[in-house]
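Novice: Structure, please.
(chains A and B)
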Amino acid sequence: MSAAVGTHAATHVRTAVHLTDAIMGTFEHILAHLGLSSQYLDRHWAVIESGLTTWIAEGSLADVRLECGAPSDPDAVFKVPLSYKVSGAGDITFVTSQARLTRALAKLESVPSGASYRVIVTYRGSHSTVAGWSSTTAADTSGMGSYALGGLASGPDAGASMTYFSRGR
Amino acid sequence: MSVRHRAIAGAPERSATAAADLVIEMLIETLAPASVLDQDVVVHELDAVRGATRMLIAGKHLGGQAIVLRADPLRLEITIITGDKAASVNENLGKVAGAASATDWMLHIPAPTPIGDWISDAVRALDHVTIEAAPAVTTAAAAPTVQAADIDIDALREAAGGRS
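Specialist: Residues are numbered from 1 along each chain as shown, chains lettered A, B, ... in the order given. Next comes the predicted model:
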């Protein structure tokens, strides 16, 4: 029984690492495609990576958001909700939808040159504390056009998809 | 030139940060025996591309394209395997032998779309890291090409006794 629990926990962690990697890679491609600076992402990479992996592994991460522009009036928001599955059955496969992202990048509207951006998360239930993260308020996406871009990646225990909110200025 | 290849497992076996750290440490350890090289420069320049390497890994750009270290007589090619195949990678981590007699070195890293400008910016101030592709490997079986203009027909005729 302990071996089964250990295997299950290890699978959880591998799913978390896989999805975190896919989300970080996706945000990286979006920001580069929009012509924004890599500085914020590079400087905070380890903290963001650590937080996402921790919270996906414990199942407490509801969604991750990349907000471009002023938080009070963002130009674009990329929301990545997580869906969790009951694992233990079926094949253990780790899938990334790189081709889907490439197609989606072509549809993105430009944002002002030099626009700021930030990565924020929302939780479901209790969650562990991860150093480097602080409380904030998510940008209001009401009034923005939304486009479902489909699945980003999936693993045995969870999957991630993405919705793109645009002001359409 | 001795050509070595190392495959390193990325996600889901390890994060992009952890994989990038392994790549950078492997490169530093590989160049460490080269007594002619300034090791402070080696560490400084490789540490400067740690973030770029991490971005290349998370963007899944190092599966098909390798990071190439040229430290004659060693050429080391490193790729990162992700997804289901990562679990079955036969890893050989740490120092790669063969660079002890190197007198110079250059690290070639890809700068793919859409992060090409970011990578280019990261290496701009570095003397030993470039986004230029590494020269293709010439194998021992490849014979030098002889151009027709290189053959002295008159000398051949003379050697053959003037027959034509």
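
Novice: who are the neighbours in contact with residue A:46?
Specialist: Contacts for residue A:46 (Cβ atoms under 8 Å, 6 or more residues apart in numbering or on different chains) come out as residue B:17. (Glycine included, C-beta is placed from N, CA and C.)

Novice: what are the ranges of the strands in chain A?
Specialist: In order along the chain, chain A carries the following strands (DSSP state E): A:61-70, A:73-84, A:95-96, A:117-123, A:145-154, A:158-166.

Novice: Kindly apply the preceding question to chain B instead.
Specialist: Taking DSSP E, the strands of chain B run over residues B:2-9, B:67-71, B:74-81, B:106-108, B:129-130.

Novice: will you turn these into CSV that also has distance to chain A?
Specialist: Formatted as CSV, the entries for these read as follows, by distance: least, Cβ to the nearest Cβ, whole Å:
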stretch, distance to chain A
strand B:2-9, 11
strand B:67-71, 17
strand B:74-81, 10
strand B:106-108, 19
strand B:129-130, 16
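
Novice: Put the alpha carbons of the helix or strand of chain A with the lowest mean pLDDT into CSV.
Specialist: Across the helices and strands of chain A, mean confidence by mean pLDDT, DSSP states H and E is lowest for helix A:98-105: a mean of 76. As requested, the backbone C-alpha atoms of helix A:98-105 are provided in CSV (Å, rounded to 0.1, in the frame of the first residue of the first chain):
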residue,chain,number,x,y,z
GLN,A,98,2.6,22.8,-29.2
ALA,A,99,1.0,23.0,-32.7
ARG,A,100,-2.2,24.4,-31.2
LEU,A,101,-0.3,27.2,-29.5
THR,A,102,1.6,28.0,-32.7
ARG,A,103,-1.7,28.5,-34.5
ALA,A,104,-3.1,30.6,-31.7
LEU,A,105,-0.1,33.0,-31.7
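
Novice: tell me which residues of the lengthiest helix in chain B are tucked away?
Specialist: The residue-count maximum for a helix in chain B (DSSP state H) belongs to helix B:16-31. Judged by neighbour count using 16 or more other Cβ atoms under 10 Å in any protein chain shown, the buried positions of helix B:16-31 are B:16-20, B:22-24, B:26-27, B:30-31.

Novice: out of these, which touch chain A?
Specialist: Applying Cβ under 8 Å from any Cβ of the partner chain to the buried residues of helix B:16-31, one finds that B:16-17 fall near chain A.

Novice: which of the buried residues of helix B:16-31 are the two that sit furthest away from each other?
Specialist: B:16 and B:31 (22.9 Å; Cβ to Cβ).

Novice: Low-confidence stretches in chain B?
Specialist: With pLDDT under 70 as the threshold, chain B has low-confidence stretches at B:139-164.

Novice: give me the low-pLDDT residue ranges for chain A?
Specialist: Counting by pLDDT under 70, chain A has low-confidence residues at A:1-10, A:87-92, A:169.

Novice: list the helices and strands the lengthiest helix in it packs on?
Specialist: Longest helix in chain A by number of residues (criterion: DSSP H): helix A:2-33. Counting by 3 or more Cβ pairs under 8 Å, 6 or more residues apart in numbering or on different chains; DSSP states H and E, the packing neighbours recorded for helix A:2-33 are helix A:39-57, strand A:61-70, strand A:73-84, helix A:98-105, strand A:145-154, strand A:158-166, helix B:16-31, helix B:50-58.
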